[in-house]
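1. Can you look at this prediction? I've put the sequence above it.
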Amino acid sequence: MADIVLSTLNAKYIHAAFGLRYLLANLGELKPRACIVEFDINQRPLDIAEILLAQNPRIIGLGVYIWNVTPTTELVAALKRIRPDITIVLGGPEVSFEVDQQEIIRLADYVITGEADLKFAEIAGQLLRGEKPAQKIIASQLPDLAQLVLPYDLYDDKDIAHRVVYIEASRGCPFTCEFCLSSLDVPVRQVPLPALLEKLEDLLTRGLQQFKFVDRTFNLNLNTSRAILEFFLERYRPGLFVHFEMVPDRLPEGLREIIAKFPPGVLQFEVGIQTFDEPTAKNISRRQNYDRMADNFRFLREKTGVHIHADLIVGLPGEPVESFGRGFDRLIAMGPQEIQVGILKRLRGTPIIRHDHEWQVTYSPFPPYEILQNKLMDFETMQKMRRFARFWDLVGNSGNFLETTPLLWSKSNSPFASFLEFTEWSFAKIGRRHSIALETLAEQLFLFLTDKIGLNQSEAANALWNDWKRGGRHEKPNFLADYISNEEVQLARMRQIGPKRQMRHGNRV
């Protein structure tokens, strides 16, 4: 039982709600009267309501995001019908803007816009004392990060063992990219470094192996970036993995030196390129030095073991599909391990809407508010690009087809054109872009490589078989029956069983 229940619907079970932990950590004297109850979007709103009501709370605080606003609206509607006496307070980016247009806000009692780390405690105290806030919509001032209690002690042992643990060294972004909510979050503010490093030490001592930093521009403050990287390097142990979001054209020698010392696979950098078209970048107020970016990519690929996750966006105002394709080809040549092809979204509060009239942009009215069409990409083209993005995730980003994927453009000058052709060919054959079995996808690759572009059957079969084995699979797919000998299958099986036997033997000893 708790007077205050903090809750949200995470996108997946493995995600731990960082914002809720900040709220609980900063409740002060109210903290013993509060608890966190987390869910995910696969759970039914009525079942969630039952669990929340079992706590018999007086206040329910809900974190609302683009991925959960629809089921959370249903949840709030049910809660207010069943227990109208419970006060529901909303917060989060989805309800911080356009507050007069949302059904969920109409249903709730109060909404805190902006960063509610301290404001929620203030409002909860008022409500528990029987005092009603003067306004339904309550704007929160940016908190002084030095005054916040850091929430990392609230990650429990289950979180550390099974979930993504989020870390932040700063909030805000100095850039003004119009598609991004961070463009409204200025100035950049730093978490006091000594306190953060102390908490990181505690998490390492408790056994945490994977750290995901949510800073929008981790490498903006070079002294802080270097200190954190040195911290992890000095404490390196096998299995350590640290994710950062980096500005792609800012990697000075001081950072390069420390990055190059990490063993392969420890660091992952998410770099948001978004577009290579300079007029489009100017349209959306994005600043980046493409030559410096290319040099940084070369360094990371040739001199380090960093895993690079690079982002491109489809549908930006002013960029036709041909320009996007050239950018994709350029990025392929730079060699990141992953390319995230995102579809432009109209996030609430972002200034990207100022282009709607000039570029005739139409967005879906439903979350995640993806673009449907614009002047340069009609709806049919946008649908093709959605399929492209989905199939690229299944093939290019999954790690299941490392050897096979480059064969798709082995007879072409454009990886984008070749993969788009594969996407449309496969979609015509399968009729869907979701729920595709891995063997079905592998067979589509084989047929496209051999029947469509005329690749040697043995070369295609060997590449697919090597990829198949790499994933720990040793049973021969049916479509490769005529190309892979039984001796090859037996050899693959023995290579997989051998290490397992050695591991079991080692454990006994």
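-> Arrived safely.
2. make it CA atoms for all contacts and neighbour counts henceforth
-> OK.
3. Backbone dihedrals for the nearest residue to Asn68 once chain neighbours are set aside, please?
-> Nearest residue to Asn68, sequence neighbours excluded (Cα to Cα, 6 or more residues apart in numbering): Leu9, at 6.0 Å. Per-residue torsions, Leu9: phi -110, psi 110 (degrees, to the nearest 10).
4. Does Leu9 touch Ile41 like I think?
-> Yes - if you go by Cα atoms under 8 Å, Leu9 and Ile41 touch, sitting 5.4 Å apart.
5. Need the overlap of contacts for those two.
-> Asn68 (Cα atoms under 8 Å, 6 or more residues apart in numbering).
6. between these two, who's got more neighbours?
-> Taking neighbours as other Cα atoms under 10 Å, Leu9 and Ile41 compare with Leu9 leading, 27 against 18.
7. For that one, list the residues it contacts.
-> Counted by Cα under 8 Å, 6+ apart, Leu9 has contacts Glu38, Phe39, Asp40, Ile41, Gly63, Asn68, Thr72.
8. Recalculate using a threshold of 7 Å.
-> Contact analysis of Leu9 by Cα atoms under 7 Å, 6 or more residues apart in numbering lists Glu38, Phe39, Asp40, Ile41, Asn68.
9. need the helices for the stretch 101-250 of the chain, in chain order.
-> For the stretch 101-250 of the chain, the helices defined by DSSP state H, counting those that start in this stretch occupy 103-107, 119-128, 157-162, 193-205, 222-234.
10. Could you give me the buried positions within the third one?
-> What it means is helix 157-162. By neighbour count on 16 or more other Cα atoms under 10 Å, the buried set for helix 157-162 is Ile160.
11. Using PDB, list the CA coordinates for that helix.
-> These are the backbone C-alpha positions of helix 157-162, laid out as PDB (Å, rounded to 0.1, in the frame of the first residue of the first chain):
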ATOM      1  CA  ASP A 157      19.200  -6.300  -8.400                       C
ATOM      2  CA  LYS A 158      16.600  -7.400 -10.900                       C
ATOM      3  CA  ASP A 159      17.100  -4.200 -12.900                       C
ATOM      4  CA  ILE A 160      20.800  -4.700 -12.900                       C
ATOM      5  CA  ALA A 161      20.600  -8.300 -14.000                       C
ATOM      6  CA  HIS A 162      17.900  -8.000 -16.600                       C
END
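12. neighbours of the closest residue in space to Asp157 that isn't next to it in sequence, just the number please.
-> Excluding its sequence neighbours, the residue lying closest to Asp157 (Cα to Cα, 6+ apart) is Arg206, at 7.8 Å. Neighbours of Arg206 under the rule other Cα under 10 Å: 13.
13. now do His355
-> Considering only other Cα under 10 Å, His355 is surrounded by 16 other residues.
14. Repeat that for Leu441.
-> 16.
15. same thing with the one 5 residues further on?
-> Using other Cα under 10 Å, the number of residues around Phe446 comes to 23.
16. That one: what secondary structure?
-> What DSSP: H, G, I helix; E, B strand; the rest coil gives for Phe446 is helix.
17. From Leu6, how far off is the closest residue to it other than its chain neighbours?
-> Closest residue to Phe446 apart from its sequence neighbours, by Cα to Cα, 6+ apart: Ala460 at 6.2 Å. Distance from Ala460 to Leu6, counting by Cα to Cα, to the nearest Å: 53 Å.
18. contacting residues around Gln210?
-> Going by Cα under 7 Å, 6+ apart, the list of residues near Gln210 reads Leu240, Phe241, Val242.
19. Please apply the same query to Glu319.
-> Glu319 sits next to Thr280 when contact means Cα under 7 Å, 6+ apart.
20. Repeat that for Val111.
-> Here Val111 is in contact with Val89, Leu90, Gly91, Lys136, Ile137, Ile138 (Cα under 7 Å, 6+ apart).
21. and if we set it to 8 Å?
-> Val89, Leu90, Gly91, Val95, Ser96, Ile105, Lys136, Ile137, Ile138.
22. what about the fifth one, neighbour count?
-> For Ser96, the number of neighbouring residues by other Cα under 10 Å comes to 22.
23. before we move on, what about the one 10 residues further on?
-> In terms of burial, Arg106 registers 15 neighbours under the definition other Cα under 10 Å.
24. Trp425 too?
-> Neighbours around Trp425, by other Cα under 10 Å: 15.
25. One more: Asp467?
-> Asp467: 20 neighbours (other Cα under 10 Å).
26. what about Gly342, is that helix, strand or coil?
-> Assignment for Gly342 (three-state DSSP): strand.
27. separation between the nearest residue to it once chain neighbours are set aside and Cys180?
-> Sequence neighbours aside, Ile313 is the residue nearest to Gly342 in space, at 4.7 Å (criterion: Cα to Cα, 6+ apart). Between Ile313 and Cys180 the distance is 12 Å, computed by Cα to Cα.
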